[in-house]
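Q: just coords:
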């Protein structure tokens, strides 16, 4: 009961101390007005063109099928390499599809927490080193895979390629790995 009486008393004191001006809402800022305009526009757009009700989820089904297929152990992938002129250079057979070289097994950044002298806590997001002990803030502009027959590491950068999980009827020779022995 005592707590219930404190709320009206607090509101009464706020009005008395501020002359009722401090309890009023601040006028909307330009940002507030723009956000309201954007919200109003989206309401009109949704009314004019409503989001259709989806029943079959075909894209989701395709992604699930892709994930399952990429997870098949022993699956072969045919990586066809194209020159910059569009000419087929050949193909590799791999146990995986090409993987972006920026794919990581650990988080790309780290959060460092520091206690300042005033008893507060500050934190910074920093680039974390990779598993090789180096930092790599560069763009992800190449892919890699391992040759299925020889386990040779192959990295592709600057060339066009396409991938299939079945051999295609194209005029292209396999790119052979020369044994280092």
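A: Sure thing, it's come through. Please read all numbers here as calculations on a predicted model, not as lab measurements.
Q: domain ranges for this structure?
A: For the chain, automatic domain parsing gives the domain ranges 74-102+141-181, 104-137.
Q: which of those is buried the deepest?
A: For the domains of the chain, the largest average neighbour count (mean count of other CB atoms under 10 Å) is found in domain 74-102+141-181, namely a mean of 13. In this view, the C-beta of every residue, glycine as well, is placed from N, C-alpha and C.
Q: Please determine how far the residue positioned nearest the centre of the chain is located from residue 127.
A: By CA atoms, centre = their mean, the chain has its centre lying nearest to residue 103, at 11.3 Å. Separation of residue 103 from residue 127 (CB to CB, to the nearest Å): 16 Å.
Q: now do residue 168
A: Relative to residue 127, residue 168 is positioned 40 Å away (CB to CB).
Q: got it, and residue 80?
A: Distance from residue 80 to residue 127, by CB to CB: 35 Å.
Q: and if you look at residue 140?
A: The value you get for residue 140 to residue 127, if CB to CB is used, is 14 Å.
Q: Kindly report the same for residue 33.
A: From residue 33 across to residue 127, the span is 39 Å (CB to CB).
Q: Also residue 76?
A: Computed as CB to CB, the residue 76 to residue 127 distance reads 36 Å.
Q: how far does the lengthiest helix in the chain sit from the chain's center?
A: Longest helix in the chain by number of residues, with DSSP state H as the criterion: helix 30-48. The chain centroid and the centroid of helix 30-48 are separated by 27 Å under CA atoms, centre = their mean, to the nearest Å.
Q: Equivalent analysis for stretch 68-76, please.
A: Mean-position distance between stretch 68-76 and its chain equals 23 Å (CA atoms, centre = their mean).
Q: What of stretch 148-163?
A: Relative to the chain's own centre, stretch 148-163 is displaced by 24 Å; criterion: CA atoms, centre = their mean.
Q: hmm, who's touching that stretch?
A: Stretch 148-163 has contacts (CB atoms under 8 Å, 6 or more residues apart in numbering) with 76-84, 86, 89, 92-95, 97-98, 101, 141-147, 177, 179.
Q: repeat for stretch 88-108
A: 70, 74-83, 127-128, 130-131, 136, 139-149, 154-156, 159, 161, 163, 170-175.
Q: Give me the phi and psi angles of residue 155.
A: Residue 155 adopts backbone torsions of phi -120, psi 130, taken as degrees, to the nearest 10.
Q: same deal with residue 63?
A: Per-residue torsions, residue 63: phi -60, psi -40 (degrees, to the nearest 10).
Q: can you count the residues close to it?
A: Per other CB atoms under 10 Å, the neighbour tally for residue 63 reads 11.
Q: What score does it have for pLDDT?
A: The model reports residue 63 with a pLDDT of 96.
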